[in-house]
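Undergrad: okay, structure incoming, though there's no sequence with it:
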């Protein structure tokens, strides 16, 4: 394996370093020194050259990927639904409305608060939630990075996602009521 291949392989499982390289905000000399030590490579200038080339490639790919993601989001629409509840239980709940996702030994329900059963043996229960649904064109399914883009934006604003479902052209994000305005503001700046 060449030095360049070793450097790329070493960075593949380090998403924060990859992001820093994509954004061009990393000190290549210092990162080269660290990689040189970790991989025990003697030629520091070869490590730095490999890093520089890899960083340039990442920046080009990121720009193209981000443009595609933004194009999909600009052609999307958004709807907000308040007074939602999330229940995670091991037993099925008798309900006529809402969403249900069967997991291994658990069932996740997204219900209107008014449809909440009186008694339930919930493992987890979130009563005061807001559901934001992003309706996107069919290209969403073939556009890598849309989900990562949305979740990263919300995480950067310190918005915690309670539940997240991505189904074909619908992206469903459930947040606590206290975070709903911030989440809406962040997403509405992107969504058509």
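TA: Yep, that arrived. As the structure is a computational prediction, the values presented were derived from the model and not from experiment.
Undergrad: roughly how far apart are the nearest residue to residue 18 once chain neighbours are set aside and residue 145?
TA: Counting by C-beta to C-beta, 6 or more residues apart in numbering, residue 11 is the residue found nearest to residue 18 once chain neighbours are left out, at 6.0 Å. Heads up, the C-betas are built off the backbone N, CA and C, glycines and all. Separation of residue 11 from residue 145 (C-beta to C-beta, to the nearest Å) stands at 18 Å.
Undergrad: more neighbours: which of those two?
TA: Under the neighbour definition other C-beta atoms under 10 Å, residue 11 and residue 145 were set side by side, and residue 11 has more, 19 against 14.
Undergrad: Provide the partner residues of residue 84 in its beta bridges.
TA: On the basis of DSSP bridges, residue 84 is bridged to residue 112, residue 129.
Undergrad: report pLDDT for it.
TA: Note on residue 84: pLDDT of 94.
Undergrad: then residue 65?
TA: At residue 65, the predicted lDDT confidence score is 88.
Undergrad: distance-wise, check the residue nearest to it when sequence neighbours are not counted relative to residue 74.
TA: When the adjacent residues along the chain are set aside, residue 65 lies closest to residue 145, with 5.1 Å between them (C-beta to C-beta, 6+ apart). Separation of residue 145 from residue 74 (C-beta to C-beta): 15 Å.
Undergrad: how about the longest helix along the chain: buried residues?
TA: Taking DSSP state H as the assignment, the helix of the chain that covers the most residues is helix 44-74. By neighbour count with 16 or more other C-beta atoms under 10 Å, helix 44-74 contains the buried residues 46-51, 54-55, 58, 62, 65, 68-69, 72-73.
Undergrad: contact partners for the residue nearest to residue 61 when sequence neighbours are not counted?
TA: Among residues not flanking residue 61 along the chain, residue 22 sits closest, at 7.9 Å (C-beta to C-beta, 6+ apart). Residue 22 sits next to 55, 58, 59, 61, 62 when contact means C-beta atoms under 8 Å, 6 or more residues apart in numbering.
Undergrad: pipe these into TSV and attach pLDDT and distance to residue 136 per row.
TA: Output for those, formatted as TSV (pLDDT from 0 to 100; distance: C-beta to C-beta, whole Å):
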residue	pLDDT	distance to residue 136
55	94	31
58	91	26
59	91	26
61	87	22
62	84	20
